[in-house]
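>>> Return a 3D structure for these sequence lines:
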Amino acid sequence: MAEVPAGAMPRKSRGVAILMGTAFVVALAILLSLGTWQLQRLYWKEQLLSDMAARRNAAPVSLADIEVMAARGEDIEYSPVTVSGVFANNKERHFFATWRGQTGYHVYTPLQLADGRFLFVNRGFTPFEAKEPEMRKQGQLTGLQSVTGLARARLAEKPSSIVPDNDLSKNIFYWKDLDAMAATTGIPADRLVPFFVDAGDAPNPKGLPIGAVTQFDLPNNHLQYAVTWYGLAAALVGVGLFAVLRRRTARPGA
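Coordinates of the predicted model:
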C-alpha cells in the first residue's frame, strides 16, 4: 500500500473538504444575496414612502384627473381628490376594521355621480354596535355632497390566504373586493368607478361614521433585515476561518 506523504490529505478527507468548501461558498452567496436584496427593498420602500408623502400633500384634483392617471397606469394611491354626488345610503358595505382600540367597520357608501356612475367612498369608522344604518341615522347624509379625500387603488385579489373570505350574506368584508361590493348592491360593472376614495378629515356634521381613517404606517424594516443577513454572512466567514485554522493546527507536520 502506498504511503500518504507527510502533510498530504487522504483522498476521503479531501473529498469531505471540497464538499464542505462548496457548501460554505453556496451558503455565503445566499446570505450576501439576501442582504443585498433587502438593501434594494429598503431603497424602493424609502422612495415609495417619499412619493406617498408628496402625493398626500398635493392639492386635491378632480375625479377626471385621477381617472386619466389610472388609465395611464400611474400610481393613484393616496392622491388627493374632490368628488361630488349623492350618497346611496341603502347600498353601503361594511369592511371589518379597528380604530383606536375599537372593533367595528369602515362604512363604504356608493356616491352616485352626476353622470350616473357610482364611486365607493370609505366614509370612515363606526363601532361594532352601530353597524346597521338605523343605529346612526343622523350620519346618513342626503342631498348633494362634496367629499375631499384620498384615491385608493382596488385590490386584484385577496391579499393573503390567512385573510377570511368575505361574508356577503352578512355584509361583512374582510378584504376590499370592489367587484363584490358593487355586485351585492346591484351596481352594474359599467357604472362603477374602478377605485375607492377614503374620505378626509372633514367632520361628519351628524355623527358616525368617523372620517379620516386612512392609515399610512407602511412597515420599513428592510435595513434591520439587511444587517441580519450580512451579520450571518460575517459569522459564517468567522466560523469558516476558525475551522481552517483549527484543521491546519491539528494536521501532522503542520
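>>> Now do the spatially closest residue to residue 233 that is not a sequence neighbour against residue 23, distance only.
Taking CB to CB, 6 or more residues apart in numbering, and ignoring the residues beside it in sequence, residue 233 has residue 31 as its nearest neighbour in space, at 3.9 Å. C-beta coordinates here come from the backbone N, C-alpha and C atoms, glycine included. Between residue 31 and residue 23 the computed distance is 13 Å (CB to CB, to the nearest Å).
>>> the more surrounded of these two?
When neighbours are counted by other CB atoms under 10 Å, residue 31 comes out ahead of the other of residue 31 and residue 23, with 20 against 10.
>>> where does the more buried one land on pLDDT?
The score at residue 31 is 91. That number is its pLDDT.
>>> same deal with residue 69?
Reported pLDDT at residue 69 in the predicted model: 93.
>>> Correct me if wrong: it contacts residue 77.
No. Contact between residue 69 and residue 77 fails when scored by CB atoms under 8 Å: they sit 10.4 Å apart.
>>> ok so, going back, which strand or helix spans the residue nearest to residue 233?
Mapping residue 31 onto the secondary structure by DSSP states H and E places it in helix 11-56.
>>> how many neighbours does the nearest residue to residue 220 once chain neighbours are set aside have?
Counting by CB to CB, 6+ apart, residue 220 lies nearest to residue 45, which is 4.9 Å off, once chain neighbours are set aside. When counting by other CB under 10 Å, one arrives at 16 neighbours for residue 45.
>>> hmm, who's touching the helix or strand following the helix holding residue 31?
Remark: after helix 11-56, the chain's next helix or strand is strand 61-62, criterion DSSP H and E. Taking contacts as CB atoms under 8 Å, 6 or more residues apart in numbering, the residues outside strand 61-62 that touch it are 79-82.
>>> Apply 10 Å and report the result again.
For strand 61-62, the surrounding residues in contact (CB atoms under 10 Å, 6 or more residues apart in numbering) are 68-69, 79-84, 151.
>>> which of those are buried?
69, 79-83, 151 (16 or more other CB atoms under 10 Å).
>>> coming back round to it: can you tell me which of the contacts of strand 61-62 lies closest to residue 57?
Looking at the contacts of strand 61-62 and their distance to residue 57, the nearest is residue 80, at 8.4 Å (CB to CB).
>>> ok, that closest one touching residue 150?
Yes. Counting by CB atoms under 10 Å, residue 80 touches residue 150, with 6.1 Å between them.
>>> What ranges in this protein fall below the confidence cut-off?
The chain contains residues with pLDDT under 70 at 1-13, 202-206, 216-218, 250-254.
>>> end to end, how far does stretch 48-68 reach?
Between the opening and closing residues of stretch 48-68 lies a distance of 21 Å (CA to CA, to the nearest Å).
>>> Tell me who's in contact with residue 165.
158, 173-175, 177.
>>> Just among the residues you listed, which is most surrounded?
Neighbour tally across those (other CB under 10 Å): the maximum, 24 neighbours, falls on residue 173.
>>> Please state the offset of stretch 234-245 from the chain centre?
Using CA atoms, centre = their mean, to the nearest Å, the mean C-alpha position of stretch 234-245 is found 39 Å from that of the whole chain.
>>> brain fart, stretch 237-248
Using CA atoms, centre = their mean, we find the averaged C-alpha position of stretch 237-248 to lie 43 Å away from the chain's own average C-alpha position.
>>> mind exporting it as CSV, just the C-alpha atoms?
Coordinates of the C-alpha atoms in stretch 237-248 are reproduced here as CSV (Å, rounded to 0.1, in the frame of the first residue of the first chain):
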residue,chain,number,x,y,z
VAL,A,237,-16.9,33.6,7.5
GLY,A,238,-15.7,33.6,11.0
VAL,A,239,-16.7,30.0,11.6
GLY,A,240,-15.0,29.0,8.3
LEU,A,241,-11.7,30.7,9.2
PHE,A,242,-11.8,29.1,12.6
ALA,A,243,-12.3,25.7,11.0
VAL,A,244,-9.4,26.2,8.6
LEU,A,245,-7.0,27.3,11.3
ARG,A,246,-8.0,24.5,13.6
ARG,A,247,-7.5,21.9,10.8
ARG,A,248,-4.1,23.3,10.0
